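**Q** I would like the atomic coordinates for the input below:
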Amino acid sequence: MWYILPPVSSGQGGHSPVAFDHLTAEDGLSHNTVYAILQDKIGLIWIGTRYGLNRFDGYDCKVFLPIEGDSRSLNAPTVLTLTEDKTGKIWVGHREGGISVWDQSKGSFERFPAEASTDGIDWNKATIRSIYEDSRGWIWVATTGNGAFVFNEKRQQIEHFCTTCQPKTKALSNDFVFDFLEDGHGTVWIATDGRGLNAYDSQTKTTFVVNSEDSLNLQSFEKSLCLDKQGNLWIGTAGSGLYKYDIVGKRFTHFFSKKTDPNGLSHNIITDLTLDSLGNLWIGTDGSGLNVFDPATDRFRHITSTATFPQALNTNAIYHLMFDRIGNLWVGTFNGGLNIRKAYSPPFFIHENQNEYRRMGLRSVLTLKEDEAGRIWVGTDGGGLFYAETKDKPIDLQAVGSISKKVVTCLEPGAKGGVWVGSFADGLSYLDTRSGSTRNFRHRPGDPS
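**A** Numbers count the residues shown, from 1 in each chain. Just a heads-up that it's a prediction; the model follows:
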């Protein structure tokens, strides 16, 4: 069965199929749970997983893991966040392993920070949820339980924000920090556990909290942030749905999943947000696949896993989203590896029964022909002859057992519904589709008949 690829930019509702390639442990990925994805300046894709950091060049995965006794190797196996700074260094945040920094010129990692902290954090054991470089080149580091740290261009610590930090102008509402984002006014928004949203005003050098008027007030353990082309701040929560914050007007809009709304948000546990080139907001959920929000219609499109379509998402548990520079969407998942939606894809999808067909011998197709009745005839290299009744929905391919020829090189519909079948080194056959009978013709030297 083939489907014409629907344009995602149309913002249409429903569940039209969207094709993804899959990169999993079977293809060399070190683990099928993917927490972070980054494309570096030279185009390589870095993939942070539960076990190992991967560098993908389009063909193979180079896997980085800690090496005991080697201080130039990765700090810890689990990678939760990735970012590239303006100098081209790759920052790697670990679970219970602090920060590793990849220096391409040296071809090795270094520990960061090099010196012990005076703020009560053990960087060798810290869990890092986000690393973010702002417009000044400062590095913001989100920790679980120790607040947020800021390092200047010389990578010296210059700020620490936490619940107990003094003066109170450096206080946060919670010490579990998950994301950062700088807006066009220089304010850095800080996503933390709990209610409300923290922020740092770079002009007054003070922190503040904004609150939504709804009863949930962004209540969430984890939050993710995204800025749209109009300067609105989007906040995804783990249970309270999706929020849009008009920074200038200081107004929140709340989107909450309702089963009665087929064009609404499909799930309230949101794991990541990203924007495509057309301004659509892509939303990863933990349990309901992808949502795509079209700001022109205020509608959500849903893209989910389905067992009957092999090129669909292979799981509905999404962890991370990234668009690369040519528009491919990379989707990190729980136990499904990477799902990749190509920006430029062929207009056909693989048949839902592809594995069954391969077992039947339908691997390489040499010829296709449609007869007067609308049947499609398929000649293969090694699997014999197949046909499909196009009036049947869904379309299914059937093997023609009465044709013994395995390599079918050409087909031609004949009179009264018959089909001529040419083969490689096995003569010619005529199939009477009404009776199912077959006549075989072979070349016999010296026999004019």
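
**Q** roughly how far does Gln203 sit from Val188?
**A** Gln203 is 12 Å from Val188, where distance means CB to CB, to the nearest Å. (C-beta placed from N, C-alpha, C; glycine too.)

**Q** okay, these two: which has more neighbours?
**A** Val188 (22 against 8; other CB atoms under 10 Å).

**Q** Glu133 is in contact with the more buried one, correct?
**A** No: Val188 is not in contact with Glu133 according to CB atoms under 8 Å; the separation is 11.0 Å.

**Q** shared neighbours of these two, anything?
**A** Trp140 (CB atoms under 8 Å, 6 or more residues apart in numbering).

**Q** so who does the residue most central in space within the chain touch?
**A** Centroid-nearest residue in the chain, with CA atoms, centre = their mean: Val331, separated by 0.9 Å. Counting by CB under 8 Å, 6+ apart, Val331 touches Phe20, Gly284, Leu290, Leu313, Ile318, His320, Leu321, Leu338, Asn339, Ile340, Arg341.

**Q** turn those residues into TSV, columns for pLDDT.
**A** Formatted as TSV, the contacts of Val331 follow (pLDDT from 0 to 100):
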residue	pLDDT
Phe20	94
Gly284	98
Leu290	98
Leu313	96
Ile318	98
His320	98
Leu321	98
Leu338	98
Asn339	97
Ile340	97
Arg341	96
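
**Q** for Gly384, see how far away the nearest residue to Thr163 once chain neighbours are set aside is.
**A** Once flanking residues are discounted, Thr163 sits nearest to Asp175: 5.3 Å by CB to CB, 6 or more residues apart in numbering. Separation of Asp175 from Gly384 (CB to CB): 67 Å.

**Q** look at those two and report which has more neighbours.
**A** A count of neighbours by other CB under 10 Å puts Gly384 above the other of Asp175 and Gly384, at 23 against 19.

**Q** count of neighbours near the nearest residue to Gln39 once chain neighbours are set aside?
**A** Once flanking residues are discounted, Gln39 sits nearest to Asp324: 4.7 Å by CB to CB, 6+ apart. When neighbours are defined as other CB under 10 Å, Asp324 has 15 of them.

**Q** was I right about Asp324 contacting Leu44?
**A** No: in this structure, Asp324 is not within contact of Leu44 by CB under 8 Å, at 10.4 Å.

**Q** okay, now the unreliable bits of the stretch 201-350 of the chain?
**A** Along the stretch 201-350 of the chain, the parts satisfying pLDDT under 70 run over 345-350.

**Q** hmm, back to that, ok, the contacts of Val331 vs Thr297, which is closest?
**A** Leu290 (17.0 Å; CB to CB).

**Q** what sits against the closest one?
**A** Trp282, Ile283, Gly284, His302, Ile303, Thr304, Leu313, Ile318, Val331.

**Q** and with 6 Å instead?
**A** By CB atoms under 6 Å, 6 or more residues apart in numbering, the contact list for Leu290 reads Ile303.

**Q** what of Glu68?
**A** By CB under 6 Å, 6+ apart, Glu68 has no neighbours at all.

**Q** per-residue pLDDT of it, please?
**A** For Glu68, the pLDDT comes out at 95.

**Q** tell me which element it is part of?
**A** Per DSSP states H and E: Glu68 is located in neither a helix nor a strand.

**Q** test my guess that the residue nearest to Gln39 contacts Asp40.
**A** No: because the distance of 10.4 Å does not satisfy CB atoms under 6 Å, Asp324 is recorded as not touching Asp40.

**Q** what segments of the stretch 101-250 of the chain are strands?
**A** 108-112, 128-133, 139-143, 148-151, 157-161, 177-182, 188-192, 197-201, 206-210, 223-227, 233-237, 242-246 (DSSP state E, counting those that start in this stretch).

**Q** just put these in CSV and tack on distance to Asp60.
**A** What follows is those, written out as CSV (distance: least, CB to CB, whole Å):
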stretch, distance to Asp60
strand 108-112, 20
strand 128-133, 26
strand 139-143, 30
strand 148-151, 34
strand 157-161, 38
strand 177-182, 31
strand 188-192, 35
strand 197-201, 41
strand 206-210, 45
strand 223-227, 30
strand 233-237, 33
strand 242-246, 37
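
**Q** what's the closest of those strands to Thr390?
**A** strand 242-246 (42.2 Å).

**Q** does the closest residue to Lys416 other than its chain neighbours count as helix, strand or coil?
**A** Distances taken as CB to CB, 6+ apart put Arg434 closest to Lys416, at 7.2 Å, once the chain neighbours are dropped. Judged by DSSP: H, G, I helix; E, B strand; the rest coil, the three-state class of Arg434 is coil.

**Q** per the record, what domains does this protein have?
**A** 8-341, 354-441 (automatic domain parsing).

**Q** so of those domains, which one's packed in deepest?
**A** domain 8-341 (a mean of 18; mean count of other CB atoms under 10 Å).

**Q** quick check: the spatially closest residue to Gly289 that is not a sequence neighbour vs Asn316, distance?
**A** Once flanking residues are discounted, Gly289 sits nearest to Thr304: 3.8 Å by CB to CB, 6+ apart. Thr304 is 6 Å from Asn316, where distance means CB to CB.
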